[in-house]
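Enquirer: quick one, fold the following:
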Amino acid sequence: MSQTSSRSRSRFKSRLGSDRGQATIEFALVIIMLFLAVVSILELIIFMHTYNVLADSAKEGVRYAIVHGANNSYALVPPCPCAKLDGLPAPPGTSAEDPTNTYGVVKTFAQYSLHNTSSMTVTVTYPDAATTARPSNGTPNRVKVTVSYPYQWFLGLGWAAIPVNASAEGRIMN
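Expert: This next block holds a predicted model:
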C-alpha cells in the first residue's frame, strides 16, 4: 500500500512541475489588460478635457457678444465674419479684448489649454435676426456661438478624428 501512495505522490509532484510557466503567462495577460484599462481612462480624461475647453470657449464668445452687443460693429448681418469672436488667437501675453486689435476671444481662450486652434471652427449666429426689424446684434436678440474641433486620438492607431462640438447661447443685453 505504501508503494501505491508513493507513486501517486510522485505523479502529483510531476504534474505540479509541468505548471512552471503559468504564473508568468497570467502575469503578462493581467499586465496587458491593466495597461489597456489605464490608457482607456487616460483617453477618456483627455477627451473630456477637450470638450470642456470647447464649451468654455463658446461661453467666453457668448459672454463677449452679450456684453458688447450693438456696440460690436463686426456682427451686423448673419452669418457674420465676427473677427472679435472667431478671429485668430492673440499672442501669449496679449488680451483679445483690446479694442485696437481683431484677435478672437474664443480661440484666444482655447489656446491656453494646449489645443491646436488652427483646426478649430467658430460659428456665430443670431437666431432672432430674421424675426425682428432690429439689427441682428441688437438688444434683446440672442447670439449663439458654436465651436467645432476635430479630436485626434491620443494613441492614434490610424483612427479618424472625431468632430467634437460645443455651443452656448445667450441674450444680448447691450
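
Enquirer: check contacts around the residue most central in space within the chain.
Expert: The centroid of the chain falls nearest to Thr50 when counting by C-alpha atoms, centre = their mean (1.8 Å). Applying C-beta atoms under 8 Å, 6 or more residues apart in numbering to Thr50 gives the contacts 115, 149, 151, 164. Bear in mind the C-beta positions are built from the backbone N, C-alpha and C, glycine included.

Enquirer: would you check which pair of the residues you listed lies furthest apart?
Expert: Set against one another by C-beta to C-beta, the contacts of Thr50 have their most distant pair in His115 and Val164, with a gap of 10.2 Å.

Enquirer: surely Tyr149 and Pro163 touch.
Expert: Yes - counting by C-beta atoms under 8 Å, a contact exists between Tyr149 and Pro163, whose distance comes to 7.4 Å.

Enquirer: of those two, who's got more company?
Expert: Neighbours around Tyr149 and Pro163, counted as other C-beta atoms under 10 Å, are more numerous at Tyr149. The numbers are 24 against 10.

Enquirer: can you give me the strands in the protein?
Expert: Secondary structure of the chain by DSSP state E: the strands cover 121-125, 142-151, 162-171.

Enquirer: can you check what angle separates the helix ranked longest in the chain from strand 162-171?
Expert: Using DSSP state H, we find that the single longest helix of the chain is helix 22-68. Relative orientation of helix 22-68 and strand 162-171, computed by axes from the mean of the first three to the mean of the last three C-alpha atoms, to 10 degrees: 30 degrees.

Enquirer: quick one: helix 22-68 to strand 142-151, angle?
Expert: For helix 22-68 against strand 142-151, the angle between stretch directions is 150 degrees (the same axes, to 10 degrees).

Enquirer: just use 178 as the starting number from now, easier for me
Expert: Happy to do that; since the first residue is 178 now, the last one works out to helix 199-245.

Enquirer: what is the burial count for the residue lying closest to Gly281 once chain neighbours are set aside?
Expert: For Gly281, the nearest residue in space outside its immediate sequence neighbours is Gly264; the separation is 3.3 Å by C-beta to C-beta, 6 or more residues apart in numbering. Around Gly264 sit 20 other residues, with neighbours defined as other C-beta under 10 Å.
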